[in-house]
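S.K.: could you look at this predicted model? Sequence included:
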Amino acid sequence: MKTFAVLIMAAGESRRFSDPFTKKPFALLDNRPVWMHSAERFLKRPEVKQVILVVSPDDRETFLRKFGANIAFLELELADGGKERFHSVENGLKKIQKEIDFVAVHDAARPCISELWIDNVFEAAIQHGAAILATPITGTIKRAKKAGKNGKETYWVEETVSREHLWEAQTPQVFRKALLEKAYAERAGFPATDDAQLVQRIGQEIQIVPCDRMNIKITTKADIKLAERILPALPKPAIGF
């Protein structure tokens with residue numbers, strides 16, 4: 001059986017969450033913090049041997065005070081986040097055990113990931129070396145130009161972009177460990193917005209595994225209410241663990 005480590009990314013600044021006292025991974029969802037929903041989806045899986053929660057150093061003291069008992073009970077490891085997401089992933093990679101075969105990187109703010117979708121993306125990564133969850137773009141896409149007018153920043157339609165072959169990337173994104181390590185070793189300052197972008201830069205093809213829009217990312221406080229409705233409706237795996 002191939003073995004997996006999972007990096008749960010919880011080091012962002014949560015600028016759009018509109019709560020000066022709580023970052024979105026630490027907000028309560030169905031009476032538990034958002035990050036815990038995300039982590040528990042992986043902790044119950046037999047092939048997952050290591051789960052690392054990446055938290056900003058500025059949040060570590062508060063986080064441990066609130067959730068230290070949960071961390072100990074769940075046998076999670078902590079890693080320090082960095083200034084940008086790719087710095088945080090680099091820090092997490094340093095803690096991964098040598099014998100691990102694959103690494104999954106997942107947003108702590110995606111608590112509505114289902115076991116079925118994890119099954120699918122894990123299997124694709126085993127078969128092809130790299131795989132991500134994604135959903136096809138269905139809306140009409142406009143590219144905008146920005147302009148200032150009367151001292152106010154405004155946006156204007158520049159063109160309509162074809163949505164054919166366009167997908168919105170989700171997480172987890174899963175890679176053979178050696179591939180992800182090589183991609184980060186060769187990053188050379190490249191400002192990637194996700195891990196798949198870095199892995200593709202070293203020549204690795206990445207399979208898209210279709211997912212559902214229910215795998216939302218918590219961005220605003222209104223998304224908490226939406227996630228509460230989604231959790232009971234998540235698809236179940238064909239075979240339980």
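M.R.: All right, it came through fine. Numbering: from 1, shown residues only.

S.K.: how about the contacts made by the spatially most central residue of the chain?
M.R.: Compute the mean C-alpha point of the chain, and by Cα atoms, centre = their mean the closest residue is residue 107, 2.4 Å away. Counting by Cβ atoms under 8 Å, 6 or more residues apart in numbering, residue 107 touches 8, 9, 38, 171, 217. Bear in mind the C-beta positions are built from the backbone N, C-alpha and C, glycine included.

S.K.: bridging residues for residue 176?
M.R.: Beta-bridge pairing of residue 176 under DSSP bridges involves residue 102.

S.K.: my read is that it contacts residue 130, right?
M.R.: Yes. Residue 176 lies in contact with residue 130 (Cβ atoms under 8 Å); the separation is 6.9 Å.

S.K.: tally of neighbours for residue 154?
M.R.: Counted by other Cβ atoms under 10 Å, the residues lying close to residue 154 total 11.

S.K.: tell me the secondary structure for it?
M.R.: Put simply, residue 154 is strand when judged by DSSP: H, G, I helix; E, B strand; the rest coil.

S.K.: and it, how close does it get to residue 183?
M.R.: As defined by Cβ to Cβ, to the nearest Å, residue 154 lies at a distance of 38 Å from residue 183.

S.K.: helices of this structure, residue ranges please.
M.R.: Taking DSSP state H, the helices of the chain run over residues 34-43, 57-74, 85-93, 115-128, 177-185, 195-201, 221-230.

S.K.: which one of residue 176 and residue 130 has more residues nearby?
M.R.: Neighbours were counted for residue 176 and for residue 130 using other Cβ under 10 Å; residue 130 has more, 22 against 19.

S.K.: that one: what's it in contact with?
M.R.: 173, 174, 175, 176, 179, 196, 199, 204, 205, 206, 207.

S.K.: ok, what's across the strand from it?
M.R.: residue 175.

S.K.: distance-wise, check residue 165 relative to residue 137.
M.R.: Counting by Cβ to Cβ, the gap from residue 165 to residue 137 is 9 Å.

S.K.: where in the chain is pLDDT low?
M.R.: 13-22, 149, 151, 238-241 (pLDDT under 70).

S.K.: which one in it is furthest away from the centre?
M.R.: Largest centre distance within the chain, by Cα atoms, centre = their mean: residue 150, 39.4 Å.

S.K.: please pick the buried ones from the contacts of residue 130.
M.R.: For those, a burial check counting by 16 or more other Cβ atoms under 10 Å picks out 173, 174, 175, 176, 179, 196, 199, 204, 206.

S.K.: can you tell me which of those residues comes closest to residue 73?
M.R.: Checking the buried ones among the contacts of residue 130 against residue 73 with Cβ to Cβ, the nearest one is residue 174 at 25.9 Å.

S.K.: tell me the one of the contacts of residue 107 nearest residue 68?
M.R.: Of the contacts of residue 107, the one sitting nearest to residue 68 (Cβ to Cβ) turns out to be residue 8, at 16.1 Å.

S.K.: that closest one: what's it in contact with?
M.R.: Residue 8 neighbours (Cβ under 8 Å, 6+ apart): 35, 38, 39, 42, 51, 52, 53, 54, 106, 107, 108.

S.K.: redo these as CSV? Include distance to residue 158.
M.R.: Shown next, in CSV, are those (distance: Cβ to Cβ, whole Å):
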residue, distance to residue 158
35, 38
38, 37
39, 41
42, 41
51, 43
52, 42
53, 41
54, 37
106, 34
107, 30
108, 35
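
S.K.: please report the distance of the closest residue to residue 146 other than its chain neighbours from residue 220.
M.R.: Excluding its sequence neighbours, the residue lying closest to residue 146 (Cβ to Cβ, 6 or more residues apart in numbering) is residue 155, at 5.6 Å. Distance of residue 155 to residue 220, given as Cβ to Cβ: 20 Å.
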